[in-house]
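# generate coordinates for the sequence data below:
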Amino acid sequence: MIDVCLLGTGGMMPLKDRWLTSLLLRYNGKMILIDCGEGTQIPLKMAEWGLKPIDAVLFTHYHADHVAGLPGFLLTLGNSGREEPLTLIGPPGLKKVVEGLTVISPELPYELKLIELPDTENSQVCISDIFIKSIPAEHTISCLSYCIEIKRQGKFDAERAKKLMIPINYWGKLQKGEEITIQERVITPEMVLGNPRKGIKVCYCTDTRPSDKLAEFIRGSDLFICEGLYGDENYVEKAKQKKHMTFSEAALLSKQGDVEELWLTHYSPSLIEPEEYIEGVKRIFPNTVAGKDLLKKTIKYKD
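Below is the predicted model of the structure:
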């Protein structure tokens with residue numbers, strides 16, 4: 001299973017009752033943070049999941065409301081006793097951005113590992129058994145949308161293992177996907193495992209226009225966290241100009257991608273009550289939630 005916490009739901013600037021858009025995911029004792037705008041470390045502490053287990057920080061793009069909170073976060077992480085390397089992932093320009101921001105946090109007790117992903121094609125990396133896929137987004141600067149996947153192997157077939165005369169003490173390694181050798185005989189996990197089972201898929205998308213490619217990228221997601229800068233449909237043209245989405249566009253995208261649940265986020269500061277528009281959106285995609293700061297959910301395997 002995977003735990004998800006929407007740390008903040010605001011776009012452009014933090015408000016007194018709305019932090020900037022950021023997402024925290026927890027799996028098997030490890031965590032990934034997506035976006036780190038100004039003040040993100042505050043809802044991080046409010047979530048009470050800790051800081052040290054964060055293994056990676058992903059950036060969709062380098063506008064201030066998605067990255068300006070990095071120096072404070074890094075310093076707070078260091079003060080928490082972190083010594084293990086921290087991985088930072090983002091579109092092209094990551095090295096330059098990190099070098100600029102860390103001028104005010106130059107001495108950290110841990111190493112920063114940087115991974116720049118292309119903004120012209122799909123890409124994939126793996127951090128702590130968490131598969132991170134990215135796709136270029138349509139925004140005013142280089143921007144990525146992310147998909148977090150927990151893959152799940154097939155069930156272990158004890159009868160097949162017995163027929164192959166594999167000692168029980170080796171079963172655990174095969175269940176973990178490890179290859180073993182018994183008396184010069186190589187046994188692969190595929191020989192004793194069934195077909196892969198459905199895992200868990202969570203997608204995160206802000207600061208972009210909808211597209212067929214994005215719909216395919218999010219297809220079948222258990223949870224889709226998507227920006228809805230504007231709730232009022234009178235702002236569609238403005239959303240197009242600024243390369244953002246309205247609530248209804250996010251809902252149509254969710255429907256097209258056949259996702260299970262949609263959380264709206266990244267609201268305009270002028271959007272005071274997102275819930276006022278939610279009923280109209282539900283007519284397009286019924287399982288829509290107007291995201292709130294610190295909204296949490298545990299997503300379990302289907303079987």
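
# state the mean pLDDT of stretch 70-87.
For stretch 70-87, mean pLDDT is 94.

# in the helix or strand bottoming out on mean pLDDT in the chain, what's buried?
Ranking every helix and strand in the chain by mean pLDDT, DSSP states H and E puts helix 171-175 at the bottom, with a mean of 82. For helix 171-175, a neighbour-count test (16 or more other C-beta atoms under 10 Å) marks Trp171, Leu174 as buried. Where C-beta positions appear, they are placed from N, C-alpha and C, glycine not excepted.

# residues touching that helix, excluding its own?
Outside of helix 171-175, the residues within contact range by C-beta atoms under 8 Å, 6 or more residues apart in numbering are Gln153, Phe156, Ala158, Ala161, Ile166, Ile180, Ile187, Pro189, Val192, Leu193.

# can you redo those as CSV with neighbour count, secondary structure and pLDDT?
Compiled in CSV, those are given as follows (neighbours: other C-beta atoms under 10 Å; DSSP: H, G, I helix; E, B strand; the rest coil; pLDDT from 0 to 100):
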residue, neighbour count, secondary structure, pLDDT
Gln153, 17, coil, 80
Phe156, 15, strand, 80
Ala158, 12, helix, 85
Ala161, 20, helix, 84
Ile166, 20, coil, 87
Ile180, 15, strand, 86
Ile187, 19, strand, 87
Pro189, 17, helix, 84
Val192, 23, coil, 85
Leu193, 19, strand, 85
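
# I'd say Thr102 and Leu74 touch.
Yes - using C-beta atoms under 8 Å, Thr102 is in contact with Leu74, at 6.9 Å.

# with neighbour numbers in mind, choose between these two.
Per other C-beta atoms under 10 Å, whichever of Thr102 and Leu74 has more neighbours is Leu74, with 24 against 16.

# the more buried one in helix, strand or coil?
helix (DSSP: H, G, I helix; E, B strand; the rest coil).

# contacts only, for it.
Leu86, Thr102, Ser105, Leu108, Leu112.

# could you rerun that using 7 Å?
Thr102, Ser105, Leu108 (C-beta atoms under 7 Å, 6 or more residues apart in numbering).
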